[in-house]
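Engineer: mind looking at a prediction? Sequence and model below.
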Amino acid sequence: MSEDTVVSILCRLYSDILEDEHSESVKAEVVNEEYGYYKLLNIPFYLPKIAIGDIVWAEFKAIEGKLTYRKTIEYSGNSTVHVVVTDDEYTITDICQEFELLGCKSRVLNNKYLGLIIPVEVDYYPAKQLLELLEKNKVIGYAESSLSQKHQYKNFYL
């Protein structure tokens with residue numbers, strides 16, 4: 001993949017909790033420039049309902065001066081979980097390494113916050129068990145920001 005095929009897409013969202021609009025830029029690869037289709041290359045930190053590998057539609061907005069997310073065209077099957085480390089005894093590196101052993105990847109924002117990707121081919125159950133255990137032990141808090149159909153479990157009790 002060349003640098004010419006990688007773009008930055010501005011994504012805006014309104015937070016009901018903060019009662020304010022926020023934005024985040026994500027890197028994407030050009031899939032079809034004529035139609036405005038792009039494949040997400042990194043884990044969004046704040047955005048719900050999108051995951052790495054999703055194909056999105058974005059268009060250039062002069063007022064923004066950049067490509068702006070409009071909607072998701074095709075879901076990758078990957079899932080995104082946002083994690084905040086709440087126990088100072090654990091480092092973000094420790095948490096990332098535990099999930100890497102389960103086949104999950106991460107994108108670190110700072111020493112307390114990360115985006116966790118569960119690839120479509122990875123069984124979510126072991127990762128979910130670890131998330132629940134770490135949350136129960138007050139090591140982390142987490143939110144399942146974008147769970148693919150494959151990673152959703154009905155009557156999922158641990």
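Structural biologist: Cool, got the structure.

Engineer: report the separation between the nearest residue to Asp20 once chain neighbours are set aside and Glu21.
Structural biologist: Excluding its sequence neighbours, the residue lying closest to Asp20 (CB to CB, 6 or more residues apart in numbering) is Tyr14, at 7.5 Å. Where C-beta positions appear, they are placed from N, C-alpha and C, glycine not excepted. Applying CB to CB, to the nearest Å, one obtains 5 Å for the distance of Tyr14 from Glu21.

Engineer: which residues touch the residue nearest to Lys112 when sequence neighbours are not counted?
Structural biologist: Of all residues beyond its chain neighbours, the one nearest Lys112 is Val85 (5.0 Å), with distances taken as CB to CB, 6+ apart. Applying CB atoms under 8 Å, 6 or more residues apart in numbering to Val85 gives the contacts 91-92, 95, 111-114, 139-140.

Engineer: repeat for Leu109
Structural biologist: With contacts defined as CB under 8 Å, 6+ apart, the neighbours of Leu109 are 45, 115.

Engineer: with Ile52 instead?
Structural biologist: Applying CB under 8 Å, 6+ apart, one finds that Ile52 lies in contact with 40-43, 76, 78, 80, 117.

Engineer: give me the three-state assignment for it.
Structural biologist: Under DSSP: H, G, I helix; E, B strand; the rest coil, Ile52 falls in the coil class.

Engineer: all good on my end, thank you.
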